[in-house]
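Visitor: take this sequence and fold it.
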Amino acid sequence: MLRAFHSNWTRPFFVRNPGGIYAVEPFELLTTALSALAWRRENGPIRMICDTEAKRYYESLGLCFLWDEGVHSLLDAVPQDVNAMAFWAAGKLYALSAMPSPCVMIDTDFICWKPLALLVDGLDAAAIHREDIMPDIYPGPASFTQTHGFAFSAFDWSVQPLNTALSYFGSDTFRRYYTDTAIRFIRSSPSADDVLTYMVFAEQRLLAMCAEKKQACVAAFSDLPALFGGGQNGYFTHIWGFKQQMRDEPVLYDDFCRRCAARLQRDFPEAAERIAHVPSLAPYFHD
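Guide: Presented below is the predicted three-dimensional model:
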């Protein structure tokens with residue numbers, strides 16, 4: 001049995017949309033449902049670690065039942081001076097810092113369709129895939145001009161980053177070291193001025209660097225060609241790269257949502273009946 005968690009930190013939404021009304025797009029709600037329910041069926045319990053705004057939102061939709069270990073508003077405790085524009089996924093790291101190992105951190109747009117336990121046996125940590133060190137995404141230390149007091153020289157910059165859309169932490173000592181290091185970088189960069197490079201360094205490059213520094217036993221579950229080309233034996237679905245395409249093409253958006261609804265009705269009929277009552281999702285469950 002593997003315990004997992006989703007996370008949702010809404011502060012970045014309100015920083016980008018002052019006075020806005022928080023909502024999650026239909027395709028993301030549908031993949032969230034499939035992600036939680038497939039995990040429960042194949043692997044073990046799952047919880048949502050979020051803030052009060054997100055908890056109220058899921059409660060208003062009647063979707064809290066998706067997480068059999070509950071919805072926990074722990075992310076209200078993220079310090080107010082965390083730069084939510086640059087570190088828009090910092091909530092994941094704070095959630096992981098509160099989740100004892102062994103645990104699995106999984107994004108709401110990622111679905112694990114099969115048991116994972118055999119793939120993580122004996123590992124200190126694992127992530128879905130490695131990433132190439134592309135300078136525009138993963139630049140060198142000289143680019144982090146808004147970071148002060150962080151020891152960049154303590155790490156090996158040649159190791160390939162680890163994508164954390166799905167990540168496993170078997171060692172509690174390593175989990176704490178990684179989250180402490182990543183959060184220290186975030187707190188050392190209050191004026192970070194780039195919405196990509198600072199976040200992926202904190203979340204993905206530091207994971208690989210920390211593993212190398214501590215000589216942790218780590219692995220990648222897949223690679224990009226297999227993940228997006230169907231070569232990973234039906235284990236995983238990640239829709240990250242498809243999101244903007246759906247937003248640009250309404251026909252694709254509608255088709256994707258209908259296929260998600262159909263999969264929910266086939267695999268999780270009782271849950272699907274409840275999900276179909278969500279006003280923004282109801283059209284996809286009916287002709």
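Visitor: how about the contacts made by residue 211?
Guide: Each residue near residue 211 by Cβ atoms under 8 Å, 6 or more residues apart in numbering is listed here: 124-125, 159, 162, 174, 178, 218. C-beta: built from backbone N, CA, C; applies to glycine.
Visitor: helix, strand, or coil at the closest residue to residue 194 other than its chain neighbours?
Guide: Leaving aside its sequence neighbours, residue 194 sits nearest to residue 86 (Cβ to Cβ, 6 or more residues apart in numbering; 6.5 Å). Judged by DSSP: H, G, I helix; E, B strand; the rest coil, the three-state class of residue 86 is coil.
Visitor: hang on, the earlier thing: buried subset of the contacts of residue 211, written for PyMOL?
Guide: PyMOL command restricting the contacts of residue 211 to the buried ones, with burial defined by 16 or more other Cβ atoms under 10 Å:
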select buried, resi 124+125+159+162+174+178+218
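Visitor: of the contacts of residue 211, closest to residue 59?
Guide: Compare each of the contacts of residue 211 with residue 59 using Cβ to Cβ and the shortest gap goes to residue 178, at 31.6 Å.
Visitor: which one is the closest one nearest to, not counting chain neighbours?
Guide: residue 210 (4.6 Å).
Visitor: show me what contacts residue 186?
Guide: 82-83, 87, 90, 93, 202.
Visitor: show me those that map onto strands.
Guide: Under the assignment DSSP state E, these contribute nothing to strands.
Visitor: could you dump stretch 98-105 to CSV, C-alpha only?
Guide: Provided in CSV are the C-alpha atoms of stretch 98-105 (Å, rounded to 0.1, in the frame of the first residue of the first chain):
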residue,chain,number,x,y,z
ALA,A,98,4.2,17.9,6.0
MET,A,99,3.7,14.4,4.5
PRO,A,100,5.8,11.6,6.2
SER,A,101,7.5,9.0,4.0
PRO,A,102,6.9,6.7,2.4
CYS,A,103,4.6,8.8,0.2
VAL,A,104,3.8,9.7,-3.4
MET,A,105,3.3,13.2,-4.6
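Visitor: moving C-terminal from the helix or strand of the chain with the lowest mean pLDDT, which element do we reach first?
Guide: Least confident element among the helices and strands of the chain, by mean pLDDT, DSSP states H and E: helix 224-229 (a mean of 60). Where DSSP states H and E defines the elements, the next helix or strand beyond helix 224-229 is strand 236-238.
Visitor: in the sheet, which strands lie alongside that following strand, parallel or antiparallel?
Guide: strand 110-112 (antiparallel) (DSSP bridges).
Visitor: shaky segments in the stretch 101-250 of the chain?
Guide: Across the stretch 101-250 of the chain, the ranges flagged by pLDDT under 70 are 223-233, 240-241.
Visitor: can we see that at 80?
Guide: 222-234, 240-244 (pLDDT under 80).
Visitor: helices along that one, start to end?
Guide: 117-120, 172-187, 197-200, 206-214, 224-229, 243-248, 250-267 (DSSP state H, counting those that start in this stretch).
Visitor: TSV for the ones you listed, including distance to residue 63?
Guide: Formatted as TSV, the helices of the stretch 101-250 of the chain follow (distance: least, Cβ to Cβ, whole Å):
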stretch	distance to residue 63
helix 117-120	27
helix 172-187	27
helix 197-200	27
helix 206-214	30
helix 224-229	27
helix 243-248	20
helix 250-267	12
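Visitor: residue 7 versus the nearest residue to residue 126 once chain neighbours are set aside, what's the distance?
Guide: Once flanking residues are discounted, residue 126 sits nearest to residue 168: 4.3 Å by Cβ to Cβ, 6+ apart. Using Cβ to Cβ, to the nearest Å, residue 168 is found at 15 Å from residue 7.
Visitor: try residue 254
Guide: 28 Å.
Visitor: what do you get for residue 162?
Guide: Applying Cβ to Cβ to residue 162 and residue 7 gives a distance of 17 Å.
Visitor: contacts for stretch 259-270 next, please.
Guide: With Cβ under 8 Å, 6+ apart, stretch 259-270 has contacts from 27, 30-31, 33-34, 37-38, 41, 271-272, 275-276, 281, 284-285.
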